[in-house]
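J.: need a 3D model of the following:
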Amino acid sequence: ADLRNMERHGKREDESGKRRKIREEDPLVYGSLELRERRSEHMEGVKQSGRSACLHAFVQFPTELIDARRPEQQQAMLDHAVKFLNEYHGGDAVFAARLDRDEKGRHGVDVFLMPRYDFHYKDGRTVKKASVSKFSKAEAKRRFCRDDRRSQGSALQDAWFEYLRD
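T.: Below you'll find the predicted structure:
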């Protein structure tokens, strides 16, 4: 993830963000638009597995399900996207999210996460660790007996469907 560019896009400082803007309406934000700062705070004292800065998930809500013109529905989309991805990734993952209300489409939420968990050593020590794939691999293995990238994506999609259905 290139957090600098994602940050610029969310603040509408890049060309793509400027082109997509069709109305004057601020985004709804969980955490902050300062993604690099939020990630740094989120990762303080955490040992990371791998080199990815974070996961960037775009959570798409069905357009027939929600009237995205209504502020309470917009807030519900942001809240549910954060809740779902936190639960799916072990309960301690999301550090920022944004629902852009100035674009044509208003049913998607950008969520930025780095799943964290407690790792217990045999000698009794516990440290906080982070991994982009720990929980997604476990869910793919549970659902499909495989943990390749395609299975991870399918497991996430199935879980999102079930979350919306339930």
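J.: residue at max distance from the center of this structure?
T.: Relative to the C-alpha centroid of the chain, counting by CA atoms, centre = their mean, Asp123 is the outermost residue, at 33.7 Å.
J.: look up the pLDDT of it for me, please.
T.: Per-residue pLDDT puts Asp123 at 97.
J.: Lys104 too?
T.: What the model reports for Lys104 is a pLDDT of 92.
J.: residues contacting it?
T.: Arg20, Ile22 (CB atoms under 8 Å, 6 or more residues apart in numbering). Heads up, the C-betas are built off the backbone N, CA and C, glycines and all.
J.: kindly recompute the last result at 7 Å.
T.: Neighbour list for Lys104: Ile22 [criterion: CB atoms under 7 Å, 6 or more residues apart in numbering].
J.: helix or strand for Glu13, which one?
T.: Glu13 belongs to no helix or strand when assigned by DSSP states H and E.
J.: next one: it from Ala57, what distance?
T.: Distance of Glu13 to Ala57, computed by CB to CB, to the nearest Å: 22 Å.
J.: more crowded one of the two?
T.: For Glu13 versus Ala57, the count of surrounding residues by other CB atoms under 10 Å is larger for Ala57: 21 against 11.
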